[in-house]
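Colleague: What follows is a protein structure lacking sequence information:
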């Protein structure tokens, strides 16, 4: 008896459903919209600007372009006019002392100092700096990112004293809370940018 009542209730609902062909067309339409909208949404979540300068300077200086993208995302959110209270400027938030070091040791023109907010110049110095840090820490990107934030001297000290083993897994060993958080954010965006924009990299 109960089964009969259930069938009586279900029949109108089933009849009211679209035909299989209509449902298939609707499904394919939704799928097509998602295929277009999803990549746009992802790129909105993880924007990228100045990619030509990033790829060029990364290739010239031997830096990982996706690490550079992640650093810019965390440091300035791609705002070339950003200036910190400590005096760091531009996309990669370069300190005056870092710029002076780059001019001296990287043999960059002295005019870079007064034009450090220019995106191309800022990216070029910043990629040179992160590439040098990566080499200093023997290819360890996590340690290089820590040094970008806290300074290479501090990171070398932590490693030599055994306070930190240089890995992302043990980032909590780092005594600076700001640096711990910085590494986590940069490495998160590094993976995202590498996945999303990997096909853009020059062969």
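Modeller: Sure thing, it's come through. Model, not experiment: these values are computed from the prediction.
Colleague: Helices of the protein, start to end?
Modeller: 2-16, 20-45, 51-61, 65-75, 96-105, 119-136, 141-150, 152-161, 177-197 (DSSP state H).
Colleague: quick one: contacts for residue 145?
Modeller: For residue 145, the contact set (C-beta atoms under 8 Å, 6 or more residues apart in numbering) comprises 67, 71, 182-183, 186-187. Every C-beta, even on glycine, is put in place using the N, C-alpha and C of the backbone.
Colleague: Next one, pLDDT for it please.
Modeller: On the pLDDT scale, residue 145 is placed at 98.
Colleague: now it: how far from residue 111?
Modeller: Counting by C-beta to C-beta, to the nearest Å, the gap from residue 145 to residue 111 is 29 Å.
Colleague: Map the structural domains onto the sequence of this protein.
Modeller: Here the domain parsing of the chain from automatic domain parsing is 2-45, 51-200.
Colleague: Which of those has the lowest mean pLDDT?
Modeller: Sorting those by mean pLDDT places domain 2-45 lowest, at a mean of 59.
Colleague: Of the contacts of residue 145 - the most surrounded one?
Modeller: Greatest neighbour count in those, by other C-beta atoms under 10 Å, goes to residue 71: 28 neighbours.
Colleague: That one: what's it in contact with?
Modeller: Contacts for residue 71 (C-beta under 8 Å, 6+ apart) come out as 92, 126, 130, 145, 148, 186.
Colleague: quick one: the third one and residue 68 touch, right?
Modeller: Yep, that's residue 130 we're talking about. Yes - using C-beta atoms under 8 Å, residue 130 makes contact with residue 68 at a distance of 6.5 Å.
Colleague: circling back to that earlier point, from the domains of the chain, which stretch is densest packed?
Modeller: Mean neighbour count (mean count of other C-beta atoms under 10 Å) peaks for domain 51-200 among those, with a mean of 18.
Colleague: tell me how far the ends of it are from each other?
Modeller: 9 Å (C-alpha to C-alpha, to the nearest Å).
Colleague: ditto for stretch 144-157
Modeller: Criterion C-alpha to C-alpha; first-to-last residue distance in stretch 144-157 is 14 Å.
Colleague: What of stretch 56-73?
Modeller: Taking C-alpha to C-alpha, stretch 56-73 runs 18 Å from one end to the other.
Colleague: Also stretch 127-144?
Modeller: So stretch 127-144: terminal residues 12 Å apart, C-alpha to C-alpha.
Colleague: Contact partners for the residue nearest the centre of the chain?
Modeller: In the chain, the centroid-proximal residue (C-alpha atoms, centre = their mean) is residue 70; its distance is 2.4 Å. Going by C-beta under 8 Å, 6+ apart, residue 70 touches 186-190, 192-193.
Colleague: can I get those residues in CSV with distance to residue 121?
Modeller: Below are the contacts of residue 70 laid out as CSV (distance: C-beta to C-beta, whole Å):
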residue, distance to residue 121
186, 22
187, 26
188, 27
189, 23
190, 23
192, 26
193, 22
